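>>> below are the sequence and a predicted model; questions follow.
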Amino acid sequence: MKFRFIGHANSTGNKKNEYNLSVSRSKSVREYFIKLGVTSSSLSTFEGRGSNENIGSTITESGKRKNRRVEIFIYE
């Protein structure tokens, strides 16, 4: 089983900072999985998408919270 982590950010700030934050988010979740005992060879990649793939409103606070996330894909 392999895991892939994709971080996202809301659109508050400039694109470069949003991208860096999304990478940092996905990397943090990956490191948490390692602390839980998942072998690093199972944790294939981590990456960031910035605010390019919003799922919530970029205007409301609840929408912005939805956009600050890490997606975890599990595959074999």
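Structure received. Just so you know, these numbers come straight off a predicted model, no measurement behind them.
>>> give the buried residues for the helix ranked longest in the chain.
Using DSSP state H, we find that the single longest helix of the chain is helix 15-35. For helix 15-35, the buried set under the neighbour-count rule, 16 or more other C-beta atoms under 10 Å, comprises 18-23, 25-27, 29-30, 33. Heads up, the C-betas are built off the backbone N, CA and C, glycines and all.
>>> next structured bit after it?
strand 43-48 (DSSP states H and E).
>>> which strands or helices does that following strand pack on?
strand 2-7, helix 15-35 (3 or more C-beta pairs under 8 Å, 6 or more residues apart in numbering; DSSP states H and E).
>>> quick revisit: give me the residues contacting the longest helix of the chain.
3, 5-13, 40, 43, 46-51, 68-70, 72 (C-beta atoms under 8 Å, 6 or more residues apart in numbering).
>>> counting neighbours, what do you get for Ser11?
Ser11: 16 surrounding residues under other C-beta atoms under 10 Å.
>>> so what strands line up beside the helix or strand bottoming out on mean pLDDT in the chain?
Using mean pLDDT, DSSP states H and E, the weakest-scoring helix or strand in the chain turns out to be strand 43-48, at a mean of 89. Strand pairing for strand 43-48, using DSSP bridges, gives strand 2-7 (parallel).
>>> quick check: mean pLDDT of the strand it pairs with?
The predicted model assigns strand 2-7 a mean pLDDT of 94.
>>> ok, residues contacting it?
21-27, 29-30, 33, 38, 42-49, 69-76.
>>> how close does Ala9 sit to Thr45?
18 Å (C-beta to C-beta, to the nearest Å).
>>> these two: which has the busier surroundings?
Ala9 (27 against 12).
>>> phi first, then psi, for the more buried one.
Dihedral pair for Ala9: phi -140, psi 160, per degrees, to the nearest 10.
>>> residue contacts, the residue found closest to Lys64 once you drop the neighbours it is linked to in the chain?
Nearest residue to Lys64, sequence neighbours excluded (C-beta to C-beta, 6 or more residues apart in numbering): Asn10, at 4.0 Å. By C-beta under 8 Å, 6+ apart, Asn10 lies in contact with 18, 51, 54, 56, 58, 63-65, 67-68.
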